[in-house]
Structures are given as C-alpha cells and as structure tokens.
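Student: Below is the sequence, then the predicted model.
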Amino acid sequence: MRGLIKGLFVIFSLIIITAALIKYNNQPSFERPIVQKNPDTNYADEIGEKLQNTNFTQKIIVALRAAGYFPDSMIGYLIESPNNQVITIQLHNLDKFDKSTESEIQNIVNSIAENNDFQLFIVNLKLIDVH
C-alpha cells in the first residue's frame with residue numbers, strides 16, 4: 001500500500017510540475033521582437049552605400065557635361081528593387097528635348113551603371129528653365 005501511495009504521489013507531482021512548466025512557457029516574453037527589414041529596404045540601403053562609395057553621381061554629372069549637357073549638381077534616386085531603380089536628372093539650358101536626347105542620356109547612365117556593377121536605371125529627365 002505504501003508503494004502505491006508513493007507512486008501516486010510521484011505521478012501527481014510530475015503532473016503539477018509539467019502543468020507549471022507549460023504555463024510558464026506560454027507566458028508572453030518581455031524580449032523585444034526581432035524586426036526583419038523588408039528585403040527591398042535592405043537592397044535600397046546597399047545601393048545607397050554603393051552609390052556613395054563609387055562616386056556614381058559625380059561620374060554621371062561629369063559624363064553628361066562632357067556630352068554637352070548641363071545637369072544640376074543634385075541627382076535624385078528612387079530605389080525600390082533591382083528592377084525598379086529610377087534616377088532623376090535635372091537639366092539646364094537645353095534648347096531641344098526629344099527622344100534622341102533621352103536615349104543618349106539613358107545610354108550614358110547605362111554605361112556608367114554597368115561599369116560600376118549596378119542594375120540599370122530608369123532615367124527621368126526634368127528641364128529647368130533658367131531665365
């Protein structure tokens with residue numbers, strides 16, 4: 001009879017300890033949740049660093065000036081993903097703005113992008129009328 005009581009006591013103790021452990025493990029943790037960045041955000045950050053490290057903007061400005069264009073010293077970038085990279089270039093003193101101008105500037109940007117191991121950019125040109 002004593003063995004039966006000891007056995008029941010051990011089983012009952014194990015059930016209580018197991019229930020306590022389950023309840024303890026299900027309580028909300030006070031640790032900060034791990035915040036995962038959007039992969040596209042990581043890509044944009046990487047490209048931003050690479051743009052600075054390669055002096056990409058300066059190379060674009062120099063190449064455009066050598067081709068006879070007058071870009072503003074500020075160039076804008078919108079980087080969402082490798083397939084959606086937009087570069088906005090503001091041009092001064094441009095009498096003629098047509099498809100051949102857009103094509104020539106797109107080719108200049110593509111060439112510099114490829115030489116610096118970038119994905120190609122969509123070129124957005126803005127004319128600034130300075131009078």
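Tutor: Now that the structure is in, tell me what you want to look at. Residues are numbered from 1 along each chain as shown.

Student: which regions of the chain sit below the pLDDT cut-off?
Tutor: Residues of the chain meeting the criterion pLDDT under 70: 8-10, 12, 14, 20-21, 24-41, 130-131.

Student: 80 - rerun?
Tutor: 1-41, 93-97, 129-131 (pLDDT under 80).

Student: That one: strands as residue ranges?
Tutor: 70-81, 84-92, 122-128 (DSSP state E).

Student: Can you say which of these is packed in most?
Tutor: strand 84-92 (a mean of 17; mean count of other CB atoms under 10 Å). Backbone N, C-alpha and C define where each C-beta goes, glycine included.

Student: Without its sequence neighbours, what residue ends up closest to the residue nearest to the spatial centre of the chain?
Tutor: For the chain, the residue nearest the mean C-alpha position is residue 44 (2.3 Å; CA atoms, centre = their mean). Counting by CB to CB, 6 or more residues apart in numbering, residue 44 lies nearest to residue 79, which is 4.3 Å off, once chain neighbours are set aside.

Student: separation between that neighbour and residue 48?
Tutor: Distance, residue 79 to residue 48, by CB to CB, to the nearest Å: 7 Å.

Student: now swap in residue 81 and tell me
Tutor: Taking CB to CB, one finds residue 81 at 14 Å from residue 48.

Student: and what of residue 66?
Tutor: 26 Å.

Student: Looking at those two, which is more packed in?
Tutor: residue 48 (12 against 9; other CB atoms under 10 Å).

Student: show me what contacts that one?
Tutor: Neighbouring residues of residue 48 by CB atoms under 8 Å, 6 or more residues apart in numbering: 77, 79.
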